[in-house]
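1. Kindly generate the corresponding structure for this input.
(one chain, ligands or ions: 1)
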Amino acid sequence: METDWVIAGGGLAGTTLAWELLGLGQEVKIVDPLERETSSRVAAGLVTPVTGKGLNVSWRFAELQPVAVAFYRELEVRLGAKFYYEMPIVRVFGSEKERVKWEKKREWPEIAEWVEDGDAAFPETVDAPFGGFVMKGGGYLDVEAFLAASHGRWREEGVLDVGKVDLESLPESRCGTVLCLGAAAAGVAPFDWVPFRAAKGEILDLESAHDASQVMNQVGTWLLPVGQGKFRTGATYSWEPLDAIPTCEGREDVERRVRGFLKADYEVTGHRAGVRPVIAASKALMGRHPSRPEVVFFNGLGSKGVLVAPFFARMLARHLVLAEGIEDEVNLAKILAQSGS
Ligand SMILES: Cc1cc2nc3c(=O)[nH]c(=O)nc-3n(C[C@H](O)[C@H](O)[C@H](O)COP(=O)(O)OP(=O)(O)OC[C@H]3O[C@@H](n4cnc5c(N)ncnc54)[C@H](O)[C@@H]3O)c2cc1C
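-> Here you go, the predicted structure:
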């Protein structure tokens, strides 16, 4: 192709990277089949500062969050579309033990930065006998809206081709091809030695009388208001089979978890599934192929693509164009060193 870079895959990884390469004056052709049920299109898009059973700040949050928010905000202006929503996130404790753990952690400076003073107040529709706290600096990306706006602009400009790249015979380009295939990259040459731990996730759309403008979050579940009495809730983790087919078990699991704190009636209006490209605990992984340097890998966004993608897409673009370094922690070379290949 007559272009500097071909990007195979137009999910969060490929789309953020394409914007960064274009920003560095590169000519880019991005190729994606625009399938509906991909990890990026199914994702809730949440950016959550304090997460998990351990009540820890998300990996490198203080560095990644400002870059991500500025990235999406700038594109909202350029594309004339709205897709990033800042929103308080309320952690609903699931037990007394969790509340006690929080009392010890809440004053830690790296945590206090992302937490509102005082305890959370809950609407009547939420059952929160152990209380909770409110996070600041969180929000969500309407990923489908972000991709639609980006891809719509690129179709007009001839930057996006709809289709699939033949991975056995990669297209010619002046500088190389970047594979941003998400979980579809698992076991695929020439990066078939990268150890994936991809995880299927299922997510429900609800309509409910629950009235809240905050995300409710409990270990293993969340409830995201998207306006006009509509909500998204999820998400499951399963490892077999890795497909995008919603299941009865998945729906039951999601409903059981959200009923743990949601007292209001609801109706399920949608049910979707996707496969998260997990390699190393939701950290990005990237770099050139060791013997075919014109083929580049950008993947591993795991469960946190919205937060992680902009920062590392910029790092990769600057590596490819300006020969700047890739941090060890996200460098594909480290996988090679570990495997002794
Ligand atoms: C249920 C669920 C909930 C989630 N919730 C969140 C969340 O709240 N917050 C968050 O940050 N993240 C969330 N994630 C994770 C997030 O979706 C991922 O981190 C991110 O979408 C991964 O993006 P990607 O571009 O690497 O992969 P993908 O989105 O899978 O994109 C890969 C693209 O490559 C295309 N492709 C495949 N083969 C070819 C080929 N041969 N040629 C061209 N194109 C090809 C595919 O069609 C696809 O469009 C969630 C994921 C799931 C499944």
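2. can you count the residues close to the residue of the stretch 201-341 of the chain found nearest the ligand?
-> In the stretch 201-341 of the chain, the residue that lies nearest the ligand is residue 305 (2.5 Å; Cβ to the nearest ligand atom). In this view, the C-beta of every residue, glycine as well, is placed from N, C-alpha and C. As a burial measure, residue 305 scores 26 neighbours (other Cβ atoms under 10 Å).
3. could you list every residue that touches it?
-> 11-13, 39-40, 43, 143 (Cβ atoms under 8 Å, 6 or more residues apart in numbering).
4. go on, residue 91?
-> Residue 91 touches 50, 55, 120, 132-135, 217-218, counting by Cβ under 8 Å, 6+ apart.
5. got a winner among the residues you listed for most neighbours?
-> Of the contacts of residue 91, with other Cβ under 10 Å as the count, residue 135 tops at 26 neighbours.
6. Restricted to helices, list the contacts of residue 91.
-> Using DSSP state H, no member of the contacts of residue 91 falls within helices.
7. Just checking, which of these comes out lowest on pLDDT?
-> The lowest pLDDT within the contacts of residue 91 belongs to residue 120, which sits at 91.
8. got the contact list for that residue?
-> Per Cβ under 8 Å, 6+ apart, neighbours of residue 120: 90-92, 128, 131-134.
9. ok, how many other residues are close to residue 267?
-> 9.
10. from here on, count from 56
-> That works, and once the first residue is 56, the last one we named lands at residue 322.
11. Enumerate every residue touching the residue in the stretch 156-305 of the chain that the ligand sits nearest to.
-> The ligand sits closest to residue 237 of the stretch 156-305 of the chain, with a gap of 2.4 Å, by Cβ to the nearest ligand atom. In this structure, residue 237 makes contact with 64, 66, 68, 93-95, 330, 332, 354, 356, judged by Cβ under 8 Å, 6+ apart.
12. In helices, which of these appear?
-> Those of the contacts of residue 237 lying in helices (DSSP H): 68, 94-95.
13. which of the residues you listed count as buried?
-> Listed as buried from those are 68, 94-95; burial here means 16 or more other Cβ atoms under 10 Å.
14. if we can go back for a sec, how about the residue of the stretch 256-396 of the chain closest to the ligand, phi and psi?
-> The phi/psi pair for residue 360 (degrees, to the nearest 10) reads phi -60, psi -40.
15. what about the nearest residue to residue 124 once chain neighbours are set aside, how many residues close to it?
-> Distances taken as Cβ to Cβ, 6 or more residues apart in numbering place residue 139 nearest to residue 124, at 6.6 Å, with adjacent residues excluded. Neighbour count of residue 139, defined by other Cβ under 10 Å: 22.
16. correct me, but residue 139 touches residue 127?
-> Yes - counting by Cβ atoms under 8 Å, residue 139 does reach residue 127; the two are 3.8 Å apart.
17. Common neighbours of those two, please.
-> 196, 201.
18. Identify the residues contacting residue 106.
-> Neighbours of residue 106 in contact, by Cβ under 8 Å, 6+ apart: 112-113.
19. per-domain residue ranges of the protein.
-> 60-97+199-249+335-394, 144-190+254-331 (automatic domain parsing).
20. most neighbours per residue, which of those?
-> domain 60-97+199-249+335-394 (a mean of 19; mean count of other Cβ atoms under 10 Å).
21. how distant is the lowest-mean-pLDDT helix or strand in the chain from the center of its chain?
-> Least confident element among the helices and strands of the chain, by mean pLDDT, DSSP states H and E: helix 387-394 (a mean of 80). On the basis of Cα atoms, centre = their mean, to the nearest Å, helix 387-394 sits 24 Å off its chain's mean C-alpha point.
22. Using TSV, please lay out the contacts of residue 175 together with distance to the ligand.
-> Conversion of the contacts of residue 175 to TSV gives the following (distance: Cβ to the nearest ligand atom, whole Å):
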residue	distance to the ligand
145	16
146	15
147	17
183	22
186	24
187	19
188	20
189	18
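23. Widest-spaced pair of these?
-> 183 and 189 (11.9 Å; Cβ to Cβ).
24. got the contact list for the residue nearest to residue 292 when sequence neighbours are not counted?
-> Spatially, and ignoring its direct neighbours in sequence, residue 292 is nearest to residue 254 (5.0 Å; Cβ to Cβ, 6+ apart). Counting by Cβ under 8 Å, 6+ apart, residue 254 touches 292-294, 330-331, 333, 358.
25. for the chain, what are the low-confidence residue spans?
-> Where the chain drops to pLDDT under 70, the residues are 337, 394-396.
26. Which residue lies nearest the spatial centre of it?
-> residue 360 (2.4 Å; Cα atoms, centre = their mean).
27. Closest one to residue 160 out of the contacts of residue 360, please.
-> When the contacts of residue 360 are compared against residue 160 (criterion: Cβ to Cβ), the nearest one is residue 98, at 27.8 Å.
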